[in-house]
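J.: sequence first, predicted model second:
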Amino acid sequence: MGNGEHMRDMLTVREVARLFHIHPNTLRRWSNNGRIRAYRITPRGDRRFKREEIAQFLAELNSQADNWQEAESRQLSR
């Protein structure tokens with residue numbers, strides 16, 4: 001896999017922040033805290049995120065949200 005192909009599998013801070021509907025600084029904080037893994041790609045320290053890891057993170061968030069909604073629904077029906 002060439003470098004160009006590898007970079008197509010990576011997302012920028014801005015792209016991921018838009019997917020999550022959060023501010024880019026929130027994503028940077030999550031990365032700093034280890035909540036989500038970022039890869040530093042330049043001497044400046046630009047962050048990139050693996051597309052597949054972002055998809056997995058979103059799937060986990062959605063699963064947690066579904067579980068929360070189900071629990072809330074059960075509480076309300078009592």
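T.: Received, thanks. Numbers count the residues shown, from 1 in each chain.
J.: what ranges do the strands span in this protein?
T.: Listed in chain order, the strands found in the chain under DSSP state E are 10-12, 39-40, 47-50.
J.: which of these sits most buried?
T.: Mean neighbour counts were compared across these using mean count of other CB atoms under 10 Å; the top stretch is strand 47-50, at a mean of 20. Placement of C-beta: from N, CA and C, glycine included.
J.: what strands flank that one, and is each parallel or antiparallel?
T.: When pairing is defined by DSSP bridges, strand 47-50 lines up against strand 10-12 (antiparallel), strand 39-40 (antiparallel).
J.: turn the ones you listed into JSON lines, columns for distance to residue 22 and mean pLDDT.
T.: JSON lines is the format used below for the strands paired with strand 47-50 (distance: least, CB to CB, whole Å; pLDDT from 0 to 100):
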{"stretch": "strand 10-12", "distance to residue 22": "14", "mean pLDDT": "97"}
{"stretch": "strand 39-40", "distance to residue 22": "19", "mean pLDDT": "96"}
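J.: under the pLDDT cut-off, which ranges of the protein? List them.
T.: Judged against pLDDT under 70, the low-scoring parts of the chain cover residues 1-7, 66-67, 69, 71-72, 75-78.
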